[in-house]
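K.L.:
next come a sequence and a model predicted from it.
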Amino acid sequence: MALTKQEWLELEKQANELRKLCLDTTYWAGSAHIGGGMSVMDMLTILYYKYMKYDVANPQWEDRDRFILSKGHAGVALASLVCHLGFDDKEKLKTFNLSNSTMGIHLDSNKVKGIDASTGSLGHGLSIALGTALAAKVLGKDYMTYCILGDGECDEGSNWEAGMAAAHFKADNLIAFVDRNKCMIDGPTEEVMKLEPLADKWRSFGFEVIEVDGHNMNALSEAIDAALAVKEKPVMIIADTIKGAGVDYMEGDYKWHYGALNEEKYELAKASLEKYYAARVARAEKEGI
Amino acid sequence: MAGGLTYTATESTAFSTAEIYGKALCELGEKHPEVVALTADLGKSTKIGMFGEKFPDRYFNVGIAEQNMFGMAAGMARAGLVPFLSTFSVFASLRSADQLHTDICYQNVNAKIIATHAGTSFGQAGSTHHAICDMAVARSIPNLTVICPADGLETYNAVHAAYDNFGPYYIRINRGFDRVLYETSDYGFEVGKAVTINEGSDITIIACGSCVFQAYQAAKFLEVNDGLKVRVLNMHTIKPIDKEAIIKAVMETRRIITAEDHNILGGLGSAVAEVIVEAGKGCAFKQLGIPDKFAPIGLHEDIMSTLGIDQNGIIAAVREVMGKDFELDDDWDDEA
């Protein structure tokens, strides 16, 4: 179902706050995986602000929906989110990546509240998410498990082991995303290791595949609604995204996989995020109903 | 006693070690609905399939995909289940080592790996199926308890202990039938505590897995033929290692031999050596095991003989070490 204009604007507002917090955290840390953090932020926002059930006061609530960030290097985005939601202390973001902090590049599920899995080594998250989803069936619980993979991460063979098993075990309580920002550390994904036709690959593994603009809240909402209605098979939402979305000088540039911010770059990024937000709001105003 | 049930020697000779594991797991499954089982197309070989026959809704054969199996188990454990995973030791420790390290041990989840076909017990299959470095890998991953049971009944105890204690466990058991060391399972198995199989004051053999029975036979032979009193410690738990028993053996016998069906690098012998060196107590020391090379193809007992980790090899090593000089501390009497 389409978002109401009010819902859409509210999601835009939260996503904007989160992008700013992610930028600030990168600046405080000196450097971070900001490119992939920004590309994944709209998906994180809509999952946590519209779809997932959880209890900030009880992060281990056993009936909560689960979220596994398989592309664990986008921890800077997820850390911003769990702190913004109040799972963990926002002040800790100022220690991100610093010695003796509880928050490093890849978040530790035993140290950061609201984190369901420690990820970072790529190609692990989908298996963990599948285990979590199948556990719900064994335990007779109705929670959902969501998982976001990076696109470059799809090179890892273990994802395809997990994909085969997710379809085999009919894990219809698992919704996965690929953050298709088309960049990886050494270059564009299609140059480093060709992924296309990616949707066909997941489809042939038994997934219901939905392709969507990963920076359009309304489209994301419709995709997730459709995914929730799928029975007897897992869903892969391939979200077309932009690395560094919202920061003009980072957008689409694989070199911003991991980057450092000096004051000048930080100020430029802040200004760019303001413009980006204004454009996003204008779109919601125009297209929202 | 773990599990509240005593198996007898008759039963342990009627079943392979893996079959005893399968029975123990079925007992756990009966009592505890949160126990689930996973395998990677080795349900029959590892006997975890016995659980699958009784509890099909809690049994997940993931196909030949060990990495996914370990990741899934981590997710299941996080959600409150107690997953038992079985594949061959060589795959459990190497093919899915990253998932074992990160998903299971770093997250410190309550998953139990029962790895079969340990050491050279699947001898004819060759080095692709020998697990010669699994204990070295497992021992160096934090949070992981590592157990190498001596026979079927000890496996029964170890599997129950794994359920009873929270956290990741790696238990390596042999393919086929183990020589029977224990006649009943109620001999006082405790994780992290060595069991003295034979008392002795001249020399100590510290062994694990299939080498324990061989060491015991060697000790009996040497008592009759050489008049030696050989202490034999069944060091079933490789991590956490029983430091107290090792240091006591050094202080009381001053001659130590370790015996394991594993590379001499990184396994039981290395673990014992670390304890001895840190203690700073002089002793004669020899490691028996696979001498940092790939093992030959053959029957398990033939490979053990070739490697010198059977009764004859251990007897020869004891005679060698009895004749070995080592530097005594000045205050030997004070220490003892």
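P.N.:
Yes, it's here. Numbers count the residues shown, from 1 in each chain, chains lettered A, B, ... in the order given.
K.L.:
tell me the pLDDT of the spatially most central residue of chain A.
P.N.:
In chain A, the centroid-proximal residue (Cα atoms, centre = their mean) is residue A:40; its distance is 4.0 Å. The predicted structure scores residue A:40 at 98 on the pLDDT scale.
K.L.:
so it makes contact with residue A:74?
P.N.:
Yes. The pair residue A:40 and residue A:74 qualifies as a contact (Cβ atoms under 8 Å) at a distance of 5.0 Å. To be clear about C-beta, it is placed using only N, CA and C from the backbone, and glycine gets the same treatment.
K.L.:
which residues are in contact with each of those two?
P.N.:
The overlap between the contact sets of residue A:40 and residue A:74 (Cβ atoms under 8 Å, 6 or more residues apart in numbering or on different chains) consists of A:148, A:179.
K.L.:
end to end, how far does stretch B:101-112 reach?
P.N.:
Using Cα to Cα, to the nearest Å, the end-to-end distance of stretch B:101-112 comes out at 13 Å.
K.L.:
an error on my part: the question was meant for stretch B:167-184.
P.N.:
For stretch B:167-184, the end-to-end distance is 27 Å (Cα to Cα).
K.L.:
residue B:257 and residue B:206, how far apart?
P.N.:
Distance, residue B:257 to residue B:206, using Cβ to Cβ, to the nearest Å: 7 Å.
K.L.:
residue A:171 in helix, strand or coil?
P.N.:
What DSSP: H, G, I helix; E, B strand; the rest coil gives for residue A:171 is coil.
K.L.:
who's in contact with residue 16?
P.N.:
All of this refers to chain A. A:273, A:277, A:280 are the contacts of residue A:16 under Cβ under 8 Å, 6+ apart.
K.L.:
chain B was what I was after
P.N.:
Applying Cβ under 8 Å, 6+ apart, we find residue B:16 in contact with B:47, B:152, B:175, B:176, B:177.
K.L.:
and the pLDDT for the fourth one?
P.N.:
I take that to be residue B:176. For residue B:176, the pLDDT comes out at 94.
K.L.:
kindly report the residues of the stretch 1-150 of chain A close to chain B.
P.N.:
Counting by Cβ under 8 Å from any Cβ of the partner chain, the residues of the stretch 1-150 of chain A close to chain B are A:62, A:66, A:68, A:108-110, A:116-118, A:120-121, A:123-136, A:138-139, A:145.
K.L.:
C-alpha coordinates for stretch B:242-251, CSV please?
P.N.:
Output in CSV follows, covering the C-alpha atoms of stretch B:242-251 (Å, rounded to 0.1, in the frame of the first residue of the first chain):
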residue,chain,number,x,y,z
ASP,B,242,43.7,-29.2,33.4
LYS,B,243,46.8,-27.2,34.4
GLU,B,244,46.7,-28.6,37.9
ALA,B,245,46.9,-32.2,36.8
ILE,B,246,49.8,-31.4,34.4
ILE,B,247,51.8,-29.6,37.0
LYS,B,248,51.2,-32.3,39.5
ALA,B,249,52.4,-34.9,37.0
VAL,B,250,55.5,-32.9,36.4
MET,B,251,56.3,-32.5,40.0
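K.L.:
give the buried residues for it.
P.N.:
Within stretch B:242-251, the residues that count as buried by 16 or more other Cβ atoms under 10 Å in any protein chain shown are B:242, B:243, B:245, B:246, B:248, B:249, B:250.
K.L.:
contacting residues for the first one?
P.N.:
Residues touching residue B:242, when contacts are defined by Cβ under 8 Å, 6+ apart, comprise B:192, B:193, B:194, B:233, B:235.
K.L.:
just name the closest of the contacts of residue A:16 to residue B:200, please.
P.N.:
Out of these, the one with the shortest distance to residue B:200 is residue A:273. That distance is 74.8 Å, counting by Cβ to Cβ.
K.L.:
and that closest one, how many neighbours?
P.N.:
With neighbours defined by other Cβ atoms under 10 Å in any protein chain shown, the count for residue A:273 comes to 20.
K.L.:
same check, this time on residue B:150
P.N.:
Counted with other Cβ under 10 Å, the burial measure for residue B:150 works out to 30 neighbours.
K.L.:
and the gap between the residue nearest to it when sequence neighbours are not counted and residue B:233?
P.N.:
Of all residues not flanking residue B:150 in the chain, residue B:212 sits nearest, at 3.8 Å (Cβ to Cβ, 6 or more residues apart in numbering or on different chains). Between residue B:212 and residue B:233 the distance, using Cβ to Cβ, works out to 9 Å.
K.L.:
what about the two, which has more around it?
P.N.:
When residue B:212 is set against residue B:233 and neighbours are counted by other Cβ under 10 Å, the residue ahead is residue B:212, at 30 against 26.
K.L.:
ok now do the more buried one, which residues does it touch?
P.N.:
Counting by Cβ under 8 Å, 6+ apart, residue B:212 makes contact with B:150, B:151, B:181, B:197, B:232, B:234, B:236.
K.L.:
could I get the residues you listed as CSV with secondary structure and distance to residue B:319?
P.N.:
Below are these laid out as CSV (DSSP: H, G, I helix; E, B strand; the rest coil; distance: Cβ to Cβ, whole Å):
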residue, secondary structure, distance to residue B:319
B:150, coil, 24
B:151, coil, 26
B:181, coil, 23
B:197, strand, 20
B:232, strand, 16
B:234, strand, 22
B:236, coil, 26
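K.L.:
out of those, who's nearest chain A?
P.N.:
Within the contacts of residue B:212, the smallest distance to chain A is 28.8 Å, found for residue B:236 (Cβ to the nearest Cβ).
K.L.:
number of residues surrounding that closest one?
P.N.:
Counted with other Cβ under 10 Å, residues neighbouring residue B:236 total 30.
K.L.:
how far does stretch B:210-227 sit from the chain's center?
P.N.:
Relative to its parent chain, stretch B:210-227 has a centroid offset of 20 Å by Cα atoms, centre = their mean, to the nearest Å.
K.L.:
wait, what's in contact with residue B:245?
P.N.:
Contact analysis of residue B:245 by Cβ under 8 Å, 6+ apart lists B:193, B:194, B:196, B:233, B:235.
K.L.:
just to revisit the earlier point, now the residue nearest to the centre of chain A: how far from residue B:46?
P.N.:
The span separating residue A:40 from residue B:46 equals 39 Å under the rule Cβ to Cβ.
K.L.:
same question for residue A:274.
P.N.:
For residue A:274, the distance to residue B:46 (Cβ to Cβ) stands at 59 Å.
K.L.:
and for residue A:64?
P.N.:
From residue A:64 to residue B:46 the distance is 34 Å (Cβ to Cβ).
K.L.:
okay, the two: which has more neighbours?
P.N.:
Set side by side, residue A:64 and residue B:46 show more neighbours around residue B:46, with 25 against 18, by other Cβ under 10 Å.
K.L.:
so who does the nearest residue in space to the more buried one that is not next to it in sequence touch?
P.N.:
In this structure, residue B:46 finds its nearest non-sequential neighbour in residue B:86, 3.8 Å apart by Cβ to Cβ, 6+ apart. Going by Cβ under 8 Å, 6+ apart, residue B:86 touches B:21, B:37, B:38, B:39, B:42, B:46, B:47, B:48, B:113, B:114, B:115, B:116.
K.L.:
closest to chain A among the residues you listed?
P.N.:
Minimum separation from chain A among the contacts of residue B:86 (Cβ to the nearest Cβ) is found for residue B:38, which lies at 8.8 Å.
K.L.:
quick check: that closest one touching residue B:85?
P.N.:
Yes. Residue B:38 is in contact with residue B:85 according to Cβ under 8 Å; the separation is 4.8 Å.
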